[in-house]
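Enquirer: Attaching a predicted model along with its sequence, questions to come.
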Amino acid sequence: MTAVGRAEHPVGGRTNRLVGAAVVDNRDTFGAGGHSHGMDNVDAAGLGIGDDYPPRIMGVLNVSKESPYDPSVYDDPGEAARYVDDELIDEGAEIVDIGLESANKRFDVLSAEEELDRLHVALETIESVSGDAIFSIETRYAAVADEALSQGFDMVNDIAGFADPEMPTVCEEYDAAVAKMASPPDLERPGAVEETDWGARKSADWAAEADYVDQVYESLKQNGLTDKTIVDPAFGGWSEAQTLADDRETFRRLREFRALGKPMLVSINRKNFLGEIADRETDDRLPVSLAATSLAVERGAHVIRTHDVVETRDAALIGDAFTERSRVNDGDLSVCELDVRSSRDLRVHLDERGIDPAVADEWSTLAVEIDGLDGNDRIGVTSVVADTDADVFSVSTDRLLLLGTRSSISAVSDCLSRRDDNLAAIADSLSEMLE
């Protein structure tokens with residue numbers, strides 16, 4: 001039995017990193033608050049969010065009776081304020097996100113006027129809260145955001161991804177941070193990125209090749225980003241087409257979203273894509289949520305939206321403690337190592353910078369072990385590798401280790417595929433791994 005395993009290593013430097021992935025950013029060139037190709041920090045009413053700060057916990061309050069999670073639902077301002085003080089702020093939430101309606105697709109979408117009718121409950125609540133926190137209004141409407149920001153709210157959580165074209169302008173006028181969730185340009189379909197006409201918005205060729213995570217990434221770029229945007233990859237069942245596998249793949253590739261240069265918010269608390277893995281219903285999903293929280297922070301999340309504040313805070317701190325990122329600031333000059341752990345991560349960063357993504361294939365080294373070889377196969381593979389830029393090392397009588405760039409390992413696979421002996425099967429395994 002032939003087994004093929006893969007690990008990615010640098011061409012020198014620290015283990016599991018790609019070499020040469022560094023950004024020098026002069027803020028005089030990009031502007032102090034403008035988008036550079038490093039990671040921007042965001043000042044949310046005095047609360048720093050980004051790589052230079054600890055992970056921030058966003059607690060949730062709903063003043064909507066439709067909300068699917070009862071513990072956070074209050075329609076009495078006094079009771080709501082006590083909940084915010086006792087269960088959110090006192091437990092470690094630095095941001096409190098207040099929703100006026102359920103975003104669940106099973107319920108009708110409220111109009112801006114209907115949301116404004118409910119806003120008074122949220123405003124009375126934050127006036128009664130004694131603790132210190134940043135208050136975020138969850139809405140898809142610029143008119144609601146405008147009214148909320150004018151009366152005491154500090155930031156906006158836009159679940160429709162700037163589908164209201166006035167939303168960025170409103171947030172900039174108030175110098176407010178705004179979380180932008182990946183969505184199509186449709187106020188009534190937040191999160192349903194696959195419903196975007198990608199052929200028209202990008203190109204027919206792009207639409208044919210793009211997978212779900214590619215669509216989420218591009219959705220976040222549509223309609224632009226403000227200087228104080230925090231990106232949200234839209235976890236959860238926002239449409240009938242979105243699958244649990246889609247969410248898992250988005251989570252697995254979370255680092256790619258760092259290429260946008262903006263802090264990231266994730267809302268993964270007790271989500272179905274986690275519950276299915278452990279076969280747990282909502283009430284029993286706290287452990288899987290905490291495990292995912294630590295992973296999310298290590299992969300680049302800066303804000304964790306949750307109903308389980310104290311436990312999530314601890315999990316986020318664990319993730320942060322074991323996160324390796326390198327950045328040096330010297331006045332207007334900033335030098336940072338890009339957080340790339342695979343050639344796919346690097347390809348996204350390169351593409352965002354206008355550099356041919358294929359360059360990534362020459363800057364990451366793969367370590368590929370082939371196990372289960374008989375004597376003739378071992379000799380045959382060694383002979384093929386000798387005609388490529390890859391290196392081969394004998395580990396044992398039935399095991400070889402290949403080292404090389406993605407391009408050179410691909411060349412080995414191509415050469416093996418043209419053989420008419422057992423080596424063609426190895427080529428199939430290598431090709432599958434490289435995909």
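Expert: Received, thanks.
Enquirer: Looking at the strand or helix carrying Leu430 now, give me its mean pLDDT.
Expert: Taking DSSP states H and E as the criterion, Leu430 maps to helix 423-434. Model confidence over helix 423-434, given as mean pLDDT, is 88.
Enquirer: Buried ones in it, by neighbour count?
Expert: Leu423, Ile426, Ala427, Ser429, Leu430, Ser431, Leu434 (16 or more other CB atoms under 10 Å). Any C-beta I mention is one placed from the backbone N, CA and C, and that applies to glycine too.
Enquirer: Pull the residues that contact the longest helix along the chain.
Expert: Criterion DSSP state H: the longest helix present in the chain is helix 112-128. Residues from elsewhere that reach helix 112-128 (CB atoms under 8 Å, 6 or more residues apart in numbering): 61, 63-64, 74-78, 80-81, 84, 96, 98, 100-101, 110, 135, 137, 139, 141, 143-144, 147-148, 151-153.
Enquirer: Among the residues you listed, the buried ones, what's the PyMOL command?
Expert: This is how PyMOL selects the buried members of these, with burial counted by 16+ other CB under 10 Å:
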select buried, resi 61+63+64+74+77+80+81+84+96+98+100+101+110+135+137+139+141+143+144+147+148+153
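Enquirer: Show me the contacts of helix 112-128 that map onto strands.
Expert: Members of the contacts of helix 112-128 lying in strands (criterion: DSSP state E): Leu61, Val96, Ile98, Phe135, Ile137.
Enquirer: Check the gap between the second one and Thr125 for me.
Expert: So that's Val96. From Val96 over to Thr125 the distance is 9 Å, taken as CB to CB, to the nearest Å.
Enquirer: intersection of neighbour lists for these two?
Expert: Shared contacts of Val96 and Thr125, defined by CB under 8 Å, 6+ apart, comprise Leu61, Val84.
Enquirer: Can you give the domain ranges for the protein?
Expert: Split into domains by automatic domain parsing, the chain comes to 3-12+357-434, 39-337.
Enquirer: Of all these, which one comes closest to Leu346?
Expert: Checking the domains of the chain against Leu346 by CB to CB gives domain 3-12+357-434 as the closest, at 4.1 Å.
Enquirer: centre of the chain versus the closest one, how much separation?
Expert: Relative to its parent chain, domain 3-12+357-434 has a centroid offset of 32 Å by CA atoms, centre = their mean, to the nearest Å.
Enquirer: Stretch 116-133 too?
Expert: 30 Å.
Enquirer: hey, C-alpha coordinates of it in CSV?
Expert: Once non-C-alpha atoms are left out, stretch 116-133 reads as follows in CSV (Å, rounded to 0.1, in the frame of the first residue of the first chain):
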residue,chain,number,x,y,z
LEU,A,116,-36.3,52.3,13.8
ASP,A,117,-39.5,51.6,15.8
ARG,A,118,-37.6,49.1,17.9
LEU,A,119,-34.5,51.2,18.3
HIS,A,120,-35.8,53.0,21.4
VAL,A,121,-35.5,49.8,23.4
ALA,A,122,-31.9,49.4,22.5
LEU,A,123,-31.2,53.1,23.2
GLU,A,124,-32.9,53.0,26.6
THR,A,125,-30.9,49.8,27.4
ILE,A,126,-27.5,51.3,26.7
GLU,A,127,-28.5,54.4,28.7
SER,A,128,-29.2,52.1,31.7
VAL,A,129,-26.1,50.0,31.5
SER,A,130,-23.6,50.9,34.2
GLY,A,131,-20.6,48.9,32.8
ASP,A,132,-18.1,50.1,30.2
ALA,A,133,-18.4,48.7,26.7
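Enquirer: In contact with Val381, which residues?
Expert: Counting by CB under 8 Å, 6+ apart, Val381 has contacts Ile370, Leu373, Val392, Leu400, Val412, Leu416, Leu423, Ile426.
Enquirer: please redo it, this time with the cut-off set to 10 Å
Expert: 2, 370, 373, 392, 400, 402, 412, 415-416, 419, 422-423, 426-427 (CB atoms under 10 Å, 6 or more residues apart in numbering).
Enquirer: swap in Ile304?
Expert: 55-59, 93, 95, 264-269, 289, 292-294, 296-297, 312-313, 315-316, 319.
Enquirer: Next, Met264: phi, psi?
Expert: phi -120, psi 140 (degrees, to the nearest 10).
Enquirer: for it, which residues make a bridge with it?
Expert: Val231 (DSSP bridges).
Enquirer: So it sits against Ile49, correct?
Expert: Yes: between Met264 and Ile49 a contact is recorded at 9.5 Å, counting by CB atoms under 10 Å.
Enquirer: Mutual contacts of those two, please.
Expert: By CB under 10 Å, 6+ apart, Met264 and Ile49 have these common neighbours: Ala179, Ile230, His302, Val303.
Enquirer: Quick check: chain neighbours aside, which residue is closest to the last one?
Expert: It stands for Val303. Once flanking residues are discounted, Val303 sits nearest to Leu265: 4.0 Å by CB to CB, 6 or more residues apart in numbering.
Enquirer: Val156 versus that neighbour, what's the distance?
Expert: For Leu265, the distance to Val156 (CB to CB) stands at 12 Å.
Enquirer: what do you get for Gly319?
Expert: Using CB to CB, we find Gly319 at a distance of 26 Å from Val156.
Enquirer: Would you mind telling me which of Leu265 and Val156 has more residues around it?
Expert: Val156 (29 against 25; other CB atoms under 10 Å).
Enquirer: List the contacts of that one.
Expert: 97, 136-140, 142, 144-146, 148-149, 167, 170-171, 174, 176-180, 228, 230.
Enquirer: quick one on the thing from earlier: inside strands: which ones of the shared contacts of Met264 and Ile49?
Expert: Per DSSP E, those map to strands at Ala179, Ile230, Val303.
Enquirer: Report the contact partners of the closest residue to Asp51 other than its chain neighbours.
Expert: In space, and not counting its chain neighbours, Asp51 is closest to Met39: 4.9 Å by CB to CB, 6+ apart. For Met39, the contact set (CB under 10 Å, 6+ apart) comprises 23, 25, 50-52, 258-264, 300, 302, 325, 327, 334, 336, 338-339.
Enquirer: Ala321 too?
Expert: Contact analysis of Ala321 by CB under 10 Å, 6+ apart lists Pro54, Ser294, Val297, Glu298.
Enquirer: Include pLDDT when you put the residues you listed into CSV, please.
Expert: What follows is the contacts of Ala321, written out as CSV (pLDDT from 0 to 100):
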residue, pLDDT
Pro54, 96
Ser294, 98
Val297, 98
Glu298, 96
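Enquirer: of the residues you listed, closest to Val213?
Expert: Ranked by distance to Val213 (CB to CB), the contacts of Ala321 are led by Glu298 at 18.3 Å.
Enquirer: My understanding was that that closest one contacts Gly319; is that so?
Expert: Yes: counting by CB under 10 Å, Glu298 touches Gly319, with 4.6 Å between them.
Enquirer: gap between Leu100 and Leu61?
Expert: Counting by CB to CB, the gap from Leu100 to Leu61 is 10 Å.
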